[in-house]
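Sequence first, predicted model second:
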Amino acid sequence: MTETHYAKIWDSYWHDTSGTLDQVFWDSPPEQAVRDELRRFGAHFGAGLPMIDVGCGHGTQTRELALHFARVLGVDVSPAGIEIARQAHGADNLEYEVLDVLDAGAARALHERLGDANLYVRTVLHQLGAEERGQAVASLSQLLGSGGRAMICELSPAAEAYFAYLFAEFGGPPPGLGQVLRHGIRPAALQAGDLVDAFAVAGLVPLAQGKGAVRTTVTLPGGYPAMVPMDIVVFGRG
């Protein structure tokens, strides 16, 4: 597998962040991420299929998924992130491995080994360019097979204005986000229709939609956590 630009920058990020995990910008408490999202949309997941947490990072949400599904696999483009996840968030029904969703062959090989799967994909696609996003969606479609469902949680169009507010409030990048930007990772809000259009190319349709927010590790001057607006869409083959 050829190491992509994204693999390099994310591995660099997790290497440098391993000692300051409490400052990972998007590290929402599971009860305000996976647990809430499953309460709202979990009924759409087919029973009996394994769950893949795509872009699992250091495994906070993956460990929560393992409390709700019989078999969970956390995958990420960064070996350093995967190693942190293995050390910090293990469970008997939980595995981790490196996977770059821009590598179609790797996605195909995983599907051949695992079979159809459900997917949890939280704030992964927004950082990719349009062409790379299409490649990633093709890999996700491969992992789903004919029977899986994908819960996609992505920054909404309103996130752009919210980031501008945070920069103004802190006079620059707020704590945690500066570390992200220094590694060349660029958060970007998806525009209305971008998600549905990207998945339609792969033959996937929205089965449920809603709004949410990424509770960040940043505390605003008023004492409240910064909450970045997010869209949630469940996709399947109809």
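Now that the structure is in, tell me what you want to look at. Numbering: from 1, shown residues only.

what packs against the longest helix seen in the chain?
Counting residues, the longest helix found in the chain (DSSP state H) is helix 130-144. Other helices and strands packing on helix 130-144, by 3 or more C-beta pairs under 8 Å, 6 or more residues apart in numbering; DSSP states H and E, are strand 51-54, helix 104-114, strand 118-122, helix 194-201. All C-beta spots, glycine's among them, are computed from the backbone N, C-alpha and C.

so where is the chain shaky, pLDDT-wise?
For the chain, applying pLDDT under 70 flags the ranges 1-3.

Mind doing that once more with 80?
Along the chain, segments meeting pLDDT under 80 span 1-4, 18-21, 46-47, 188-189, 238.

Which stretches in it count as strands?
In the chain, the segments counted as strands under DSSP state E are 51-54, 72-76, 94-98, 118-122, 150-155, 205-219, 225-236.

Take those and lay them out in JSON lines including mean neighbour count and distance to residue 144.
Formatted as JSON lines, these follow (neighbours: other C-beta atoms under 10 Å; distance: least, C-beta to C-beta, whole Å):
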{"stretch": "strand 51-54", "mean neighbour count": "26", "distance to residue 144": "9"}
{"stretch": "strand 72-76", "mean neighbour count": "26", "distance to residue 144": "14"}
{"stretch": "strand 94-98", "mean neighbour count": "19", "distance to residue 144": "18"}
{"stretch": "strand 118-122", "mean neighbour count": "25", "distance to residue 144": "6"}
{"stretch": "strand 150-155", "mean neighbour count": "24", "distance to residue 144": "6"}
{"stretch": "strand 205-219", "mean neighbour count": "17", "distance to residue 144": "12"}
{"stretch": "strand 225-236", "mean neighbour count": "22", "distance to residue 144": "8"}
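
CSV for those, including distance to residue 37?
CSV is the format used below for the strands of the chain (distance: least, C-beta to C-beta, whole Å):
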stretch, distance to residue 37
strand 51-54, 12
strand 72-76, 15
strand 94-98, 18
strand 118-122, 8
strand 150-155, 6
strand 205-219, 7
strand 225-236, 6
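
Residue 6 is nearest to which of those?
Taking C-beta to C-beta, strand 72-76 is the member of those nearest to residue 6, at 10.6 Å.

related to what we said a few turns ago, will you turn the helices and strands packed on helix 130-144 into JSON lines that also has distance to residue 183?
Shown next, in JSON lines, are the helices and strands packed on helix 130-144 (distance: least, C-beta to C-beta, whole Å):
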{"stretch": "strand 51-54", "distance to residue 183": "20"}
{"stretch": "helix 104-114", "distance to residue 183": "23"}
{"stretch": "strand 118-122", "distance to residue 183": "19"}
{"stretch": "helix 194-201", "distance to residue 183": "24"}
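
So for residue 29, which of these sits nearest?
Using C-beta to C-beta, the helices and strands packed on helix 130-144 put strand 118-122 closest to residue 29, at 13.3 Å.

wait, isn't residue 146 in contact with residue 238?
No: using C-beta atoms under 8 Å, residue 146 is not in contact with residue 238, being 10.8 Å away.

what's residue 70 sitting at in phi/psi?
With angles defined as degrees, to the nearest 10, residue 70 sits at phi -70, psi -30.

Give me the nearest residue to it, chain neighbours excluded.
Spatial nearest neighbour of residue 70, chain neighbours left out: residue 93 (6.1 Å); criterion: C-beta to C-beta, 6 or more residues apart in numbering.

Isn't residue 180 up against residue 23?
No: between residue 180 and residue 23 there is no contact under C-beta under 8 Å: 10.1 Å.

which residues sit against stretch 202-215?
Outside stretch 202-215, the residues that touch it by C-beta atoms under 8 Å, 6 or more residues apart in numbering are 26, 28-29, 32-33, 36-37, 40-41, 44, 123, 137-138, 140-141, 144, 149-150, 153, 155-156, 196, 199, 225-238.
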